[in-house]
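Engineer: Predicted model, plus sequence, below.
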Amino acid sequence: MLFLVRHAETDRYLKKISQGWANNPINDNGIAQTEICADKVQRLKIAHFFSSDLLRSKQTADILNKKLKMNIIYDARLREINSGSVEGKIKTELPEDFIADYKKNPHKYGAESQEDVFNRARSFIDHLASKNIDNALIVTHGGFIRLFRFALEQKDWDTEKYATKKYPRVAHSEVIELDFSNHLKSDKDL
């Protein structure tokens, strides 16, 4: 099993400011959320602990680790979607024509496409599978979690099959459990 936790709440999130790869901290409510989450996580059978290397995920992982006391492996592949020149901007104040162009041409704005993030997620999934890593806790980001779930089901990017509605938002400091057994080698494979 894989246990994914979305990082705790930040002030930027509350202000609808694009976070992307920004190293902004979690807020007081986020700390409280994570302390509640830590009690749930402590009851899980965790053998490996991974986290995005961005500050809000690292802080969330550190709070969880007060109960787990494990080695945390920070991995840049677990980062949120890089929002390029939109980072730090209030999403609701961006013109509609800009948003439409940004979604069609993210690279033009120094941002990642959803396919880019899908490929990062696939790379991480392939890494876990190659090392036969199971029962892992992964602290990451909301947008990444949706694309990770899709990458867990699909080997290749196919925009026709990807729909964010199929993968609902995960709340801050929420734990979701994903079956990883199809990706692991059985004793027969070894």
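Structural biologist: Right, received. Where do you want to start? Source: prediction; values computed, not measured.
Engineer: Out of the helices and strands in the chain, which is least certain?
Structural biologist: Within the chain, no helix or strand scores below helix 96-104, which has a mean of 92 by mean pLDDT, DSSP states H and E.
Engineer: Not counting that helix itself, show me its contacts.
Structural biologist: Helix 96-104 is contacted by residues Val86, Leu94, Lys108, Tyr109, Ala111 when judged by Cβ atoms under 8 Å, 6 or more residues apart in numbering. From N, CA and C alone the C-beta is placed, and that goes for glycine too.
Engineer: quick check: longest helix of this structure.
Structural biologist: helix 114-130 (DSSP state H).
Engineer: How about the least confident helix or strand of the chain, which residues are buried there?
Structural biologist: Tyr102 (16 or more other Cβ atoms under 10 Å).
Engineer: Which strands border the helix or strand in which Val139 is found, and is each parallel or antiparallel?
Structural biologist: In this assignment (DSSP states H and E), Val139 forms part of strand 136-140. For strand 136-140, the paired strands and their directions (DSSP bridges) read strand 2-6 (parallel), strand 48-51 (parallel).
Engineer: just checking, next helix/strand downstream of that strand?
Structural biologist: The helix or strand immediately downstream of strand 136-140 is helix 142-153, counting by DSSP H and E.
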